[in-house]
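Enquirer: Got a predicted model here, sequence first, then my questions.
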Amino acid sequence: MAEKYDVIFSSLAVHYIEDFDKLIKDVYNLLNQGGYFIFSQEHPLTTALLTQNYWTCNEENERIHYNLTTYALEGERKVTWIVDGVIKYHRTMSSIINSLSNAGFIINKMLEPIPSKEIMNQYPSYKRYIHKPDFLLIKAKK
């Protein structure tokens with residue numbers, strides 16, 4: 001019998017997995033009853049774009065809105081992150097939640113964190129996060 005766990009944690013990795021449903025089912029099977037899967041990933045608004053033209057800026061070069069496109073088109077994305085050609089996989093929020101639910105998980109908490117007003121005042125470039133969170137955090141219980 002395979003060893004079971006009380007907690008499985010993943011930080012910023014699941015958006016690199018092509019078969020998300022299989023991952024979720026495997027994690028579910030590795031958990032003890034009542035165990036938790038806690039993970040973070042790039043926010044689906046971040047992974048959606050097929051191009052890297054992320055922002056529209058004003059005359060002062062301040063970001064005024066995020067250029068959200070192709071959100072409903074799930075699948076592979078090739079991006080530049082440190083190097084060219086990094087492959088990640090975009091899923092809509094409903095696909096993520098439905099995969100967890102279909103595997104038997106109960107969502108305990110979801111967060112789309114943004115910096116506090118104090119941090120945004122101290123670091124004005126962080127004001128871009130009022131337009132779009134970069135990360136999604138989920139705590140799900142078996």
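Expert: Yep, that arrived. Residues are numbered from 1 along each chain as shown.

Enquirer: thought Ser10 was touching Ser40?
Expert: Yes: counting by CB atoms under 8 Å, Ser10 touches Ser40, with 7.3 Å between them. Where you see a C-beta, it was placed from the backbone N, CA and C, and this is true even at glycine.

Enquirer: Who has more neighbours out of those two?
Expert: With neighbours defined as other CB atoms under 10 Å, Ser10 and Ser40 compare such that Ser40 has more, 18 against 15.

Enquirer: nearest residue to the more buried one other than its sequence neighbours?
Expert: Leaving aside its chain neighbours, Ser40 sits nearest to Leu137 (4.7 Å; criterion: CB to CB, 6 or more residues apart in numbering).

Enquirer: Can you list the low-confidence ranges for this protein?
Expert: For the chain, the stretches flagged by pLDDT under 70 are 1.

Enquirer: What are the buried residues along the helix or strand harbouring Asp26?
Expert: Assessed by DSSP states H and E, Asp26 sits inside helix 20-30. By neighbour count on 16 or more other CB atoms under 10 Å, the buried set for helix 20-30 is 20, 23-24, 27-28.

Enquirer: Stretch 71-82 now?
Expert: Applying 16+ other CB under 10 Å to stretch 71-82 flags 74, 77, 79 as buried.

Enquirer: which residues in this protein form strands?
Expert: With strands called from DSSP state E, the chain shows them at 5-11, 31-42, 55-57, 63-66, 75-81, 83-90, 106-111, 135-141.

Enquirer: Can you give the strand pairings for the fourth one, parallel or anti for each?
Expert: Each strand pairing with strand 63-66, determined using DSSP bridges, is listed with its direction: strand 55-57 (antiparallel).
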